[in-house]
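Q: Here is my input, please return the structure:
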Amino acid sequence: MTDINPNKILSFLGALVFVGLGICIGILIGINMTKQEFSPQDWVNESQIEVYSNKFCVNYGNITWASYTDTKSMIPTFGKNANGIETKPNNPNQLKVGDIISYKYGSELIVHRITQISYDKNGWYAITKGDNNSCDDGIKVRFSQINGVLIALIY
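A: Residues are numbered from 1 along each chain as shown. Below is the predicted model of the structure:
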């Protein structure tokens, strides 16, 4: 009969736990590194913002107010109680990855973030995704579909 050495068993179990933790940490780091986060560009300069004791002004041309449907697709960026200020871009070159746009898709108006910009035989297009969605919208958004780009959020 073979004698079992408790120290060897404890050493083996310790090494097994260490390797297991290393694998778990590696997986978590890999997941965190693959998550893409995009920030919108600065559409409004600080000099265009005026703050008073009872109001604030954004001196920016061609703006409209927007409210949002509670689809939860843009949480945590905004939800149903947020108010948006949008502007209509003049050309697709003004739009950058990270900008949040509203665009027409059939009878729907969708508000999602640009995650990719590219060109094909039909010209410029953007790929968009809701911040809370696991995948992109699955369509090429053409410049002609774009209603506006979000330049300010008021909660």
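Q: From here on, just use CA atoms for contacts and neighbour counts.
A: Will do.
Q: Give me the residues contacting stretch 101-114.
A: By Cα atoms under 8 Å, 6 or more residues apart in numbering, the surrounding residues in contact with stretch 101-114 are 73-74, 96-100, 126-131, 141, 145-150.
Q: of those, buried ones?
A: 73-74, 96-100, 126-131, 141, 146-150 (16 or more other Cα atoms under 10 Å).
Q: what bits of the chain have low per-residue confidence?
A: Scanning the chain for pLDDT under 70 picks out 1-36.
Q: Which stretches in it count as strands?
A: Remark: strands of the chain, listed N- to C-terminal, are 49-51, 56-58, 63-67, 83-87, 100-105, 108-120, 123-129, 146-154; assignment by DSSP state E.
Q: so can I have a markdown table of the ones you listed showing distance to Asp42?
A: Shown next, in a markdown table, are the strands of the chain (distance: least, Cα to Cα, whole Å):
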| stretch | distance to Asp42 |
| --- | --- |
| strand 49-51 | 12 |
| strand 56-58 | 13 |
| strand 63-67 | 15 |
| strand 83-87 | 13 |
| strand 100-105 | 12 |
| strand 108-120 | 14 |
| strand 123-129 | 19 |
| strand 146-154 | 8 |
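Q: out of these, which comes closest to Phe38?
A: Distance to Phe38, taken as Cα to Cα, is lowest for strand 108-120 among those, at 7.2 Å.
Q: how much space between the spatially most central residue of the chain and Ser73?
A: The residue lying closest to the centre of the chain (Cα atoms, centre = their mean) is Asp131, at 4.1 Å. Shown here: Asp131 relative to Ser73, a distance of 6 Å by Cα to Cα, to the nearest Å.
Q: Over to Asn54?
A: In terms of Cα to Cα, Asn54 sits 33 Å off from Ser73.
Q: again with Arg113
A: Counting by Cα to Cα - Arg113 and Ser73 are separated by 10 Å.
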